[in-house]
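Novice: The sequence and its predicted three-dimensional model are supplied below.
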Amino acid sequence: MSQRKLPNILCFLSIAFILNFIWELLHYSLYIDLTNIPKFLHIIIASLTDMAIIAGIFLIISLKNKNINWIKKPKFSDYFIIVLLTSITAVLIELNALAINKWQYTSTMPTLLGIGISPLLQLPVTAILTLMIIRFLLK
């Protein structure tokens with residue numbers, strides 16, 4: 001790995017983490033946490049997981065495009081893949097967590113077909129925002 005790419009990767013990971021940390025912090029009150037993990041630690045773990053998911057999806061797109069430079073000028077199909085994969089991932093995470101009683105929603109959580117709207121939007125929104133911020137920084 002070149003010395004130039006490492007700071008870009010660390011910047012990407014940091015942005016994805018920070019955006020998801022903020023989102024997790026803001027919507028934590030919409031959940032009833034049944035894990036017995038302290039709130040702050042749970043938010044950090046969730047944010048790191050979200051960051052890893054976004055990084056994995058960006059890696060998949062880089063492999064599809066055979067180049068990481070797609071980030072500088074993404075195509076419609078790249079955005080589509082981001083939204084599709086992050087949405088599918090969010091649905092699977094929520095369905096699994098609800099099924100194994102990892103958490104429940106408070107009455108203030110808006111839902112769609114029994115799944116919280118906030119977690120459904122989180123990964124697509126934070127992934128696209130990460131891409132937009134990275135594109136701006138790489139100019």
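Specialist: Received the coordinates, thanks.

Novice: What's the local residue count around residue 34?
Specialist: 12 (other C-beta atoms under 10 Å). No exception for glycine: its C-beta is placed from N, CA and C like everyone else's.

Novice: contacting residues around the residue nearest to the spatial centre of the chain?
Specialist: With the centre of the chain defined as its mean C-alpha position, the nearest residue by C-alpha atoms, centre = their mean is residue 123, 3.5 Å away. The neighbours of residue 123, taking C-beta atoms under 8 Å, 6 or more residues apart in numbering as the test, are 50, 53, 54, 86, 87, 89, 90.

Novice: buried ones in the host helix or strand of it?
Specialist: If you go by DSSP states H and E, residue 123 is part of helix 117-138. Using 16 or more other C-beta atoms under 10 Å as the test for burial, helix 117-138 gives 118-120, 122-128, 130-131, 133-134.

Novice: what separates the longest helix anywhere in the chain from the chain centre, distance-wise?
Specialist: Counting by DSSP state H, the longest helix found in the chain is helix 39-65. Here the centre of helix 39-65 is set off from its chain's centre by 6 Å, with C-alpha atoms, centre = their mean, to the nearest Å.

Novice: so how far is whichever strand or helix holds residue 16 off the chain centroid?
Specialist: Element membership of residue 16, judged by DSSP H and E, is helix 5-27. Taking the mean of its C-alpha atoms, helix 5-27 sits 9 Å from the chain's own mean (C-alpha atoms, centre = their mean).
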